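Enquirer: Turn this into a structure:
(2 chains)
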Amino acid sequence: MSDDLKTKRILVIEDEYFIASDLARALVTAGAEVVGPAGDLATGLRLADSEEIDAAILDVNLDGAMSYPIADRLSQAQVPHLFLTGYDGWSLPATYRNIPCLPKPFAMPRLLALVGRLCGQQAQA
Amino acid sequence: MRLHPNVPGVRRRLQNGAEGQRKEQRGVSRIWPGGANGMAASVRDADWAESGLGPVEGWPPSLRQTLDNLLSQPLPAALLWGENLLYFHNDAYVGRLALLHPAFGRPLLENSPDFPGRSAINQVLAGQTVIEDVPRSVLMNEDNPDCVMVLSPVHDEQGEVQGVLLTLAARSGEGFLNARLPISDGYRALFNVLDEGFGVVEVLFDADRCPSDVHFMEVNAAFERLTGFGNAAGRTMRAFASDHDQHWYEICGRVALSRRPERFENPDAAPARPYDAYAFPIGEPRQNRVAILLRDIMPRLQAEAALHANERRKTFLLELSDSLRPLADPQDIMAAAGALLGAHLGADRCGYGEVDAAGDHFTVVRDWTSGRTASARGTYRIDDFGLKLTADQRTGRKLVIEDALADPRTQGVESAYIVAGGLRATLAVPLMKEGRWIACFFVQQGSPRTWTAEEEALLWDVAERTWAAVERARVEWALRDSEKRLRVAVSELQHRVRNILTVVRSVFARTFDRRGDQEEMADHFKGRLDALARSQIVVTQTAAGTADLENLIRDELMSVGAHDGPQVRIEGPDVLLNSKAAESLGLAVHELTTNAVKYGALRATGASLDIFWTVDLDQGGQRMLTLCWDEQGVPAVSINPGHEGFGRELIEEALPYRLGAETKLEFRGGGIRCSIAMPLDMAPNRQLKEPVDER
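Expert: Presented below is the predicted three-dimensional model:
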């Protein structure tokens, strides 16, 4: 595993406790700092606005509410992010089709690699 | 005689003015009166010095004009002129009546005591026209017994009655004396059954050779029907005193003079029936006779009109179909159909309305108006419009009102019509489907209107097509809606399946996270998987996707063979949990149950388990569920934190995060006590406590 994630601040938005907690543990193990996790839209928006973030992992469906507004804020702030989703790609609105998307269930190493790449891009930019 | 400004001679006179008129009089006076007939010669040749009239050059123009007409007239006629009623007659008059007559130009009363019109003369001199029967006894010709004498006043230049014009005429259309053409009975029968009108006329010219009248010599029944000149034979056209004669005089005059046939169509402004005509000269040129063939063109015009109407109807229906086809919204279809037909018929309001299933109310969602009236949008009680009127609609018959204010059927229900816009005329057709009145297409007018059969037929067509289009759109709408819902449902299912798989994966990882007995861990995992499955099953058994808390708990206990009795008590009000709460609480109850079976109240003899819950309103008015798991009488055991890690995390971390619950898990002497307090209607997600991002 590369060092891409070391000291990076990663926002985690996921409403399912076990997934959120697994993500947080894996990120901490990889040397990152976790912002959140949060499972609802309001908290997610607040964190996206107020915290310093290098990259974000967003579950698309937060207990029925879509996390798109958080993605919009992050895009504005040029914070790279990815979606976790139980949906197929076609159900994403066209605006968000360019955002990396990892279908559930996912393998943790793959997710960490993807988040690492996002942070790397951010560093280059 | 009337003056016609477009008669060439008259026009010339008007243009030349007074001087021209004098010149003409002088020019004419040398030979006046013209013409070759005997009586004209008598006037010319007589010495008028003793008559009181003086030489003809000095005669008033009114006398000369009247004599001109008289002398050229083919009907037997005479003139009585001046105070002494000087007597003039034309050639045709000679020998008509078996009476003693005065000499030509002599006073009437001189030698004619038995004159039949004598008693009427004073009336005529007072300005009246009188028709007198001519006694059969004085007629010379027994073939024409039904003869009358027409006595009419002749005015001088000052408008005073100066003379009496006397004309012998046939009373009936059977003709008069020799004026009729000799036709055999066989031909006459044929003549009268012809569809074509046929007539022979003699054109009468004035002194200027201008056609002044047309004398019908012979006409058939069709001719009379087409022209509207009843009993025309033997009469002149002026007898019918219509303003549209001038065409006839001109055309017939032209044909008589030129001897060339002419075709013309419908010269009359208001003929009885429309016709086209062919006029051609017959007889000797000097007879000025013209034959006229008339063909009824009403059937042709009607056929043309019908063809045109049919064409218009087809074009309109095509336009309607084209306009409705792309529309997907039933309301758009109703509005478009109303607008197209309303404009097409020049109506004031037009639309499509639907009848409710009970047949009590009629609803118009969108209609069309000309702008002169209000919209009929709204729902109406059908019976408010009067039972007499709505009974027809209910049984599938059209409703026709030409004027609601004059129609006896609308009496007593006028207010409903005022509410509905106060429109005077209505044409409405009902649509019946499977014996039920389901809709109605209506067209209305602010003023009284007579609806034609074509308009009615069109309305039926449009109504049927609109209904079909509306139903088509509704079916498509429902199909699209159901497809959309199915897509959403499939999408949600996919989301849930993948989420639960991710959860299962996580639960699996946590179960096998630590060293220990593989078999025991596998049992744990299977138990948790079963608990997840049970909550899924319970949730999917109800349409609302909810689970009953008590059932959830009993199912869990039953899975380990426990049920309520003296040892286990379960008590609480009915509570429905949503799928999220059911899943999380189900797992928590499973963990507590597993623990109780292994180490607690469900294992130890003499121990007991109380599971109870309440629902209360919190300060914010939210329903809060408080669930307690209370074990008592369990001997103290050392708890293996390795095994209890998952359950503890679930209760202390996952429930607060997932359900916004406040939880407390206590390991006391006598057993575990757990309390879970959570909002029932809204479960705000919380931030995880761990790992904590302390800043």
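Enquirer: Only C-alpha atoms from now on, for both contacts and neighbour counts.
Expert: Noted.
Enquirer: My assumption is that B:Thr450 lies in a strand; please confirm.
Expert: No: according to DSSP: H, G, I helix; E, B strand; the rest coil, the state of B:Thr450 is coil, so it is not within a strand.
Enquirer: With adjacent residues omitted, what lies nearest to it?
Expert: Among residues not flanking B:Thr450 along the chain, B:Glu402 sits closest, at 5.5 Å (Cα to Cα, 6 or more residues apart in numbering or on different chains).
Enquirer: With B:Gly342 instead?
Expert: Nearest-residue entry for B:Gly342: B:Cys350, 5.1 Å, with adjacent residues in sequence omitted and distances by Cα to Cα, 6+ apart.
Enquirer: Doesn't that neighbour belong to a strand?
Expert: Yes: the assignment for B:Cys350 by three-state DSSP puts it in a strand.
Enquirer: how many other residues sit next to the closest residue to A:Val34 other than its chain neighbours?
Expert: In space, and not counting its chain neighbours, A:Val34 is closest to A:Ile10: 5.0 Å by Cα to Cα, 6+ apart. By the other Cα atoms under 10 Å in any protein chain shown criterion, the neighbourhood of A:Ile10 contains 26 residues.
Enquirer: how far away is A:Ile10 from A:Tyr68?
Expert: As defined by Cα to Cα, to the nearest Å, A:Ile10 lies at a distance of 17 Å from A:Tyr68.
Enquirer: Touching, the residue nearest to B:Thr450 and B:Thr426? I think so.
Expert: Yes: the pair formed by B:Glu402 and B:Thr426 meets the contact definition of Cα atoms under 8 Å, at 6.5 Å.
Enquirer: higher neighbour count, these two?
Expert: With other Cα under 10 Å as the criterion, B:Glu402 and B:Thr426 differ in neighbour count, and B:Thr426 comes out ahead with 24 against 19.
Enquirer: can you give me the helices for chain A?
Expert: Counting by DSSP state H, the segments of chain A that form helices are A:17-29, A:41-50, A:68-76, A:108-124.
Enquirer: Mind putting the ones you listed into a markdown table with mean neighbour count and mean pLDDT?
Expert: As requested, the helices of chain A are arranged in a markdown table below (neighbours: other Cα atoms under 10 Å in any protein chain shown; pLDDT from 0 to 100):
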| stretch | mean neighbour count | mean pLDDT |
| --- | --- | --- |
| helix A:17-29 | 20 | 89 |
| helix A:41-50 | 18 | 88 |
| helix A:68-76 | 17 | 89 |
| helix A:108-124 | 16 | 79 |
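Enquirer: Roughly how far does the nearest residue to B:Ile651 once chain neighbours are set aside sit from chain A?
Expert: Ranked by Cα to Cα, 6+ apart and with sequence neighbours excluded, the top spatial neighbour of B:Ile651 is B:Ala588, at 6.2 Å. Relative to chain A, B:Ala588 is positioned 13 Å away (Cα to the nearest Cα, to the nearest Å).
Enquirer: Tell me who's in contact with B:Ala588.
Expert: B:647, B:650-651 (Cα atoms under 8 Å, 6 or more residues apart in numbering or on different chains).
Enquirer: Now for those, which sits with the most neighbours around it?
Expert: Per-residue neighbour counts (other Cα under 10 Å) across the contacts of B:Ala588 peak at B:Ile651, which has 26 neighbours.
Enquirer: per-residue pLDDT, that one?
Expert: The score at B:Ile651 is 88. That number is its pLDDT.
Enquirer: thought it was touching B:Thr663?
Expert: Yes: applying Cα under 8 Å as the test, B:Ile651 and B:Thr663 come out as touching, 6.6 Å apart.
Enquirer: ok so, going back, between the helices of chain A, which one is nearest to chain B?
Expert: Distance to chain B, taken as Cα to the nearest Cα, is lowest for helix A:17-29 among those, at 5.4 Å.
Enquirer: and the closest one, what does it pack onto?
Expert: The criterion is 3 or more Cα pairs under 8 Å, 6 or more residues apart in numbering or on different chains; DSSP states H and E, and the helices and strands that helix A:17-29 contacts are strand A:9-13, strand A:33-38, helix A:108-124, helix B:453-511.
Enquirer: Tell me how far it lies from the chain's centre.
Expert: Taking Cα atoms, centre = their mean, to the nearest Å, the mean C-alpha location of helix A:17-29 is offset from the chain mean by 12 Å.
Enquirer: neighbours around B:Ala468, how many?
Expert: Counted with other Cα under 10 Å, residues neighbouring B:Ala468 total 12.
Enquirer: same thing with B:Asp276?
Expert: For B:Asp276, the count of nearby residues is 18 (other Cα under 10 Å).
Enquirer: any idea how far it lies from chain A?
Expert: As defined by Cα to the nearest Cα, B:Asp276 lies at a distance of 75 Å from chain A.
Enquirer: got the contact list for the residue nearest to A:Val34?
Expert: A:27, A:32-35, A:53-57.
Enquirer: Setting aside sequence neighbours, what's the nearest residue to the closest residue to chain A within the stretch 501-650 of chain B?
Expert: With Cα to the nearest Cα as the measure, B:Thr502 is the residue of the stretch 501-650 of chain B nearest to chain A, at 4.8 Å. Here the nearest residue to B:Thr502 in space, its sequence neighbours aside, is A:Pro105; by Cα to Cα, 6+ apart that works out to 4.8 Å.
Enquirer: Many thanks, I have nothing further to ask.
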